[in-house]
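*Asks:* How does the following fold in three dimensions:
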Amino acid sequence: MASWQVSTDQAVTSPALMQVEAQEKRVELLHELLPTTRRLAVLVNPDNQMTDLLVANTRAAAASIGQQVEVIAASKADDLDTAFAGLAQQQVGALLVSPDTLLDNRRVQLVMLAVRHAVPAIYPFRESVQAGGLMSYGPSFVEIARLAGMYTARVLKGEKPVNLPVLRATKFEFVVNLQTAKLIGLTIPPTLLARADEVIE
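*Replies:* Model (predicted):
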């Protein structure tokens, strides 16, 4: 489970910024899985206010290990099929799915598309891996919901949101689905499996 600490960051931006910061680790995990891959894709919702920052962070992390990043945009569910069709044309070796409400709500569709196109993908939440995704790295969705509940309760009791401290994740979860790896013809390196918080077999 994720652990949390008090921070003075802005409450409205902290969860999004945690995901942006985690993107470097996702790039690293994909590199460990596929060390010869030189082109990655990042799937984003262009309507998300954090997209530019997330893309910049992804490109910087990839450039540090000699990789290029292609940006694939989807602002509605109908765009996802087209987005995955474009992956093959751009010859990318792996995909990072961005943290976004639209994309998370379509997690089953995304997982099915990734398996159908045999695209190794990493997701921001473990729920996508439980639905059949290959890997995830990010804070626990359950913990985020619990945190939101705590804040709501305090506001309802009369506290002002501006005066509330921000609780911030200090430990993230890495989850791997071996069934999906087998389906798309991948072998997960033992060193990568050893780092996983959970392995679905």
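*Asks:* got a list of what the residue nearest to residue 173 when sequence neighbours are not counted touches?
*Replies:* Spatial nearest neighbour of residue 173, chain neighbours left out: residue 197 (4.7 Å); criterion: CB to CB, 6 or more residues apart in numbering. All C-beta spots, glycine's among them, are computed from the backbone N, C-alpha and C. Neighbour list for residue 197: 173, 174, 175 [criterion: CB atoms under 8 Å, 6 or more residues apart in numbering].
*Asks:* And for residue 193?
*Replies:* Here residue 193 is in contact with 176, 199 (CB under 8 Å, 6+ apart).
*Asks:* so what pLDDT did it get?
*Replies:* On pLDDT, residue 193 comes in at 95.
*Asks:* Look up how far residue 120 lies from it.
*Replies:* Here the criterion is CB to CB, to the nearest Å. By it, residue 193 lies 15 Å from residue 120.
*Asks:* Likewise for residue 23?
*Replies:* For residue 23, the distance to residue 120 - CB to CB - is 16 Å.
*Asks:* These two: which is more packed in?
*Replies:* residue 23 (27 against 22; other CB atoms under 10 Å).
*Asks:* For the more buried one, give me its contacts.
*Replies:* Per CB under 8 Å, 6+ apart, neighbours of residue 23: 54, 57, 58, 61, 96.
*Asks:* Please tabulate those residues in a markdown table, including the columns secondary structure, pLDDT and neighbour count.
*Replies:* As requested, the contacts of residue 23 are exported to a markdown table (DSSP: H, G, I helix; E, B strand; the rest coil; pLDDT from 0 to 100; neighbours: other CB atoms under 10 Å):
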| residue | secondary structure | pLDDT | neighbour count |
| --- | --- | --- | --- |
| 54 | helix | 91 | 24 |
| 57 | helix | 92 | 20 |
| 58 | helix | 95 | 24 |
| 61 | helix | 94 | 20 |
| 96 | strand | 97 | 25 |
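*Asks:* From those, pick the one nearest residue 152.
*Replies:* residue 54 (26.4 Å; CB to CB).
*Asks:* and the contacts of residue 197 as CSV, adding distance to residue 153 and neighbour count?
*Replies:* Formatted as CSV, the contacts of residue 197 follow (distance: CB to CB, whole Å; neighbours: other CB atoms under 10 Å):
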residue, distance to residue 153, neighbour count
173, 25, 20
174, 30, 21
175, 29, 23
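*Asks:* Which ones among those map onto strands?
*Replies:* Under the assignment DSSP state E, the contacts of residue 197 contribute 173, 174, 175 to strands.
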